[in-house]
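# sequence-free structure coming up:
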């Protein structure tokens, strides 16, 4: 069994590659919920949904998130009524959020609801929210000093405004979802997906018992860098690393993950950084990591499985 710490699009692609080379039932994904939000009265789980839709083969391949053939009639009607529409929810996507919100109101936990949705979509990868407690990723804007939610920063402001800090509200009191710690302890290898280190993986680390469990398994933890040749393939990871005092490079990623990982997978474009990363006491493997097609994702999955004990 392997365990994958997952954010959104990059993690979803990696999980798709892994299930092409390993039975789905042997994969557990621990998914970030720090960017969950309540919008229009509905409970939204962006990373869980991105992973779910991708594994089900119904995601919008152009954006990496959302659903194929989506329409926006409900949002258009809401706009006419004067409602807030900066966070768009597609008509098909609404069904997921309506179902989740209704089940939560019935007292069902997020783990069970995620399992129900995954099962209905034919997914056998074990998807675990990092916690069933409320953890909120909050960012502080550099110029105004205002603290806003991650979704306001990412969607409303299109992650174009510089920030000075990130905080995970509620994480110190949060408990890992039942099964998460066992998955980390029992996995042959723990993989940190190529997700944004600071806002997709850090929320998972911010839960003390998860961080401690990872440190206990450090020799078996491998990360895939989301930075290639100094840039993020998607999203603001490179800018956030720079803004928050880290270097937007594979070496910067290595230094950030240093307390938790034994091995870092980097792209061939960064081969010249292998020696510097290994000088940090981290093993380094250079291979093709840009998952532009399923074959590359599967090849990367095979490389990761080759690191099992």
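Here it is on my side, so go on. The structure displayed is predicted, hence computed values, not measured ones.
# Confirm for me that residue 31 is in contact with residue 47.
Yes: contact criterion C-beta atoms under 8 Å: residue 31 and residue 47 qualify, at 5.3 Å. Just so you know, the C-beta spots here come from the backbone N, C-alpha and C atoms, and that holds for glycine as well.
# if you count what's nearby, which of those two comes out ahead?
Neighbour comparison, residue 31 and residue 47: the larger count goes to residue 31, with 30 against 26 (by other C-beta atoms under 10 Å).
# Can you report how many residues neighbour residue 281?
9.
# so which strand or helix has it?
Under DSSP states H and E, no helix or strand contains residue 281.
# For it, list the residues it contacts.
By C-beta atoms under 8 Å, 6 or more residues apart in numbering, the contact list for residue 281 reads residue 258.
# Give me the pLDDT value at it.
pLDDT for residue 281: 96.
# Next: residue 61.
On the pLDDT scale, residue 61 gets 87.
# Check residue 235 too.
Confidence score, pLDDT, at residue 235: 85.
# Neighbours of the nearest residue to it once chain neighbours are set aside, how many?
Once flanking residues are discounted, residue 235 sits nearest to residue 196: 5.8 Å by C-beta to C-beta, 6 or more residues apart in numbering. Neighbour count for residue 196, taken as other C-beta under 10 Å: 26.
# Also residue 160?
By other C-beta under 10 Å, neighbour count at residue 160 equals 9.
# still on that earlier bit, return every residue with contacts to both of residue 31 and residue 47.
Shared contacts of residue 31 and residue 47, counting by C-beta under 8 Å, 6+ apart, come down to 6-7, 11.
# The helix or strand where residue 238 lies packs against which elements?
Using DSSP H and E, residue 238 falls within helix 237-243. Helix 237-243 sits against strand 163-169, strand 227-228, strand 231-232, helix 250-257, with contacts defined as 3 or more C-beta pairs under 8 Å, 6 or more residues apart in numbering; DSSP states H and E.
# distance between the second one and the chain's centre?
Just to be clear, that refers to strand 227-228. 16 Å (C-alpha atoms, centre = their mean, to the nearest Å).
# helices or strands up against the helix or strand hosting residue 112?
Element membership of residue 112 [criterion: DSSP H and E] is helix 110-120. The contact analysis (3+ C-beta pairs under 8 Å, 6+ apart) places helix 110-120 against helix 46-56, helix 91-105, strand 126-129.
# Save the ones you listed as a markdown table, and put in distance to residue 175 too.
As requested, these are arranged in a markdown table below (distance: least, C-beta to C-beta, whole Å):
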| stretch | distance to residue 175 |
| --- | --- |
| helix 46-56 | 18 |
| helix 91-105 | 17 |
| strand 126-129 | 12 |
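# With mean pLDDT and distance to residue 238 added, can I get these in CSV?
Below are the helices and strands packed on helix 110-120 laid out as CSV (pLDDT from 0 to 100; distance: least, C-beta to C-beta, whole Å):
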stretch, mean pLDDT, distance to residue 238
helix 46-56, 97, 19
helix 91-105, 97, 28
strand 126-129, 98, 27
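# Would you mind telling me which of these is nearest residue 269?
Among the helices and strands packed on helix 110-120, helix 46-56 comes nearest to residue 269, with 24.4 Å by C-beta to C-beta.
# Go through the closest one and flag the buried ones.
Neighbour-count burial for helix 46-56 flags 46-55 (criterion: 16 or more other C-beta atoms under 10 Å).
# Likewise for stretch 186-204?
Residues of stretch 186-204 classed as buried by neighbour count (16+ other C-beta under 10 Å): 187, 189-204.
# Likewise for stretch 234-250?
234-241, 243-244, 246-250.
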